[in-house]
Every structure is written in structure tokens, then in C-alpha cells.
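K.L.:
Sequence below, structure please.
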Amino acid sequence: MRGFTLVEMMVTVAIGTILLSVAFGAYSSFRERTRVETAKEYAVSILQQGRLTALSQRSPQRVSVNFTNNELTGTQGMTQKVDVNLQEFTCSSTCPVTATTTKNIDFTSRGSVDALNMKVSSTSSPQEFFIRLNSVTGRVSVAETCAAAGC
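P.N.:
Residues are numbered from 1 along each chain as shown. As a prediction, this is how the structure comes out:
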């Protein structure tokens, strides 16, 4: 006797379907985490570029964050929209998010800046990052929790 019975074929297809659905769920989760991390890295690079440009050119530089449209504008004036949520937050015991529409971040020629606290998150992913901009040095730090961000 050669070949497969109908029952054996149906069991094989059912197992394959289950494996594919598990793999698809893991891939979707991975993709969302990657989107949040990419947006975080882009925001950090825009902020660091603003600081370094101010220091190297010894002139004030401006970086803007539009929290309504989730857009970042660098020192060259180029605007980039990210596919995640950008929110400004204040440091407290619960890290509440404040409602700001646009924030201009002005780096002085010495690299200092008004402090900024920004949260990068997505409604589709539990991963979130907290970006802090030190007012004295203008340095950017990133944490995965509000407490680790120094709040």
C-alpha cells in the first residue's frame, strides 16, 4: 500500500496551519517592536545631530518635534514622519504624558538646551522608550522604563 490517507493529509495540513499562525503572530510582534525601536533611534540621532551641529558650527541650532503628527524636523529643515506615537512627558511618580503639540528644541552654541522628556511608543506594541535630553550638556539618554529614565 502506497500513499497517504485523507486523515493523514488533514492532520498534516492542520499542524502546518497551526505552525504558520504561531509564526505569523511572532513576526507581527517582532515587526511592531522593530518599528518602535527604529523610531527611537531616529529621534535620538536627530537630537544628537542638532547638538553636534551646534557645537561644531558654534551657532544655535533648532530641532522640532511635532507630537500631533509624530514628525521630527532636523537642523537641515528636513521633516520625517514616524509610524509610532511621540509624546512629551513630565517626570513624576507615574510619568504622566503632557499634551504638547509642537516643541522647538533650541541648542545653544555650547550644546546646552532646555530639558526634554519624550516617550516613543506604539498602540500595537508593549515596548516603549523614554528619551531624556539633559539641559546642561545637551546629551541624550534612553531608557525602557520611566524609572530608569531618571524620573
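K.L.:
Residue 28: neighbour count?
P.N.:
12 (other Cβ atoms under 10 Å). Any C-beta I mention is one placed from the backbone N, CA and C, and that applies to glycine too.
K.L.:
did I read that right, it in a helix?
P.N.:
Yes - counting by DSSP: H, G, I helix; E, B strand; the rest coil, residue 28 falls inside a helix.
K.L.:
Now for it: which residues touch it?
P.N.:
Residues in contact with residue 28 (Cβ atoms under 8 Å, 6 or more residues apart in numbering): none are found.
K.L.:
State the distance from it to residue 39.
P.N.:
Applying Cβ to Cβ, to the nearest Å, the value for residue 28 to residue 39 is 17 Å.
K.L.:
what's the answer for residue 30, then?
P.N.:
Counting by Cβ to Cβ, the gap from residue 30 to residue 39 is 15 Å.
K.L.:
Which per-residue confidence value corresponds to the residue nearest the centre of the chain?
P.N.:
Per Cα atoms, centre = their mean, the C-alpha nearest to the average position across the chain is that of residue 40, at 3.0 Å. Model confidence at residue 40, given as pLDDT, is 93.
K.L.:
quick one: what helix or strand has it in it?
P.N.:
helix 6-57 (DSSP states H and E).
K.L.:
chain center to the helix or strand that that helix is followed by, what's the gap?
P.N.:
Going down the chain from helix 6-57, the next helix or strand is strand 61-66, by DSSP H and E. On the basis of Cα atoms, centre = their mean, to the nearest Å, strand 61-66 sits 16 Å off its chain's mean C-alpha point.
K.L.:
Beyond strand 61-66, next helix or strand please.
P.N.:
Next helix or strand after strand 61-66 toward the C-terminus (DSSP H and E): strand 71-73.
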